[in-house]
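Undergrad: Structure for the following, please:
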Amino acid sequence: MKKLILFAVFLVAAQACLAQAAAGAAATVPAEEYAVAEIDIQNFDFGKIAQGKPVDHEFTLVNRGKVPMIITNAQPTCGCTIGSWTKEPIPPGGTGFVKATFNAAAAGVFDKGITVTANVATGVIVLRIRGEVLAPTPN
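TA: As a prediction, the model looks like this:
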C-alpha cells in the first residue's frame, strides 16, 4: 500500500513538472514568429443611425510584423453583425481588412464586438462597433 501511495505522489509530481516545462516553452516563443497588427480604428462609432438601414465599417489592419499575418476567423458577438475579412496571408508591411455590417433592426444603443483570430501574440484581436439606432418618428 505504501508503494502505491508513493507511486501516486511521484506520478503527480512528474505531471506538475512536465506542465511547467510546457508553459515555459510556450512563453519563450520569439516575437518574430508572430504577426503584429496595427489597426486604424479598433473601436468604431457609427453615431446615430436610422432603424432598418444596415451600416458597415471596414477595419484596416497593417501587418507590422516580420511574418505574414493569417486571419483564420472573424466572429461577431451576435448574429446582427456579419463579418468578412482578408482570406489570403497579409505580408509584412501589407494591408488587410475586417468588414463588419450591423443590421440596425432594433432601436436603441448597441456595442458589439468582433473577435478576429490571427497569428498575433495574443491569438486574437478584438474590434468593436457601437452606436445608436433611432426609431422612425411617427407623422
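Undergrad: hey, where'd the strands end up in this structure?
TA: Remark: strands assigned in the chain by DSSP state E are 37-39, 43-50, 55-63, 71-76, 81-85, 95-102, 108-118, 124-134.
Undergrad: What is the third one packed up against?
TA: Spelled out, that is strand 55-63. Contact here means 3 or more Cβ pairs under 8 Å, 6 or more residues apart in numbering; DSSP states H and E; on that basis strand 55-63 packs against strand 37-39, strand 43-50, strand 95-102, strand 124-134. In short, each C-beta sits where N, CA and C put it, glycine included.
Undergrad: ok, back up a step: reformat the strands of the chain into TSV and put mean pLDDT, distance to P30 and mean neighbour count next to each item.
TA: Shown next, in TSV, are those (pLDDT from 0 to 100; distance: least, Cβ to Cβ, whole Å; neighbours: other Cβ atoms under 10 Å):
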stretch	mean pLDDT	distance to P30	mean neighbour count
strand 37-39	96	18	17
strand 43-50	97	30	13
strand 55-63	96	17	19
strand 71-76	94	21	16
strand 81-85	85	26	18
strand 95-102	95	23	19
strand 108-118	95	17	16
strand 124-134	96	20	17
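Undergrad: returning to what we had before: got a markdown table for the helices and strands packed on strand 55-63, with distance to T72 too?
TA: Formatted as a markdown table, the helices and strands packed on strand 55-63 follow (distance: least, Cβ to Cβ, whole Å):
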| stretch | distance to T72 |
| --- | --- |
| strand 37-39 | 13 |
| strand 43-50 | 22 |
| strand 95-102 | 12 |
| strand 124-134 | 10 |
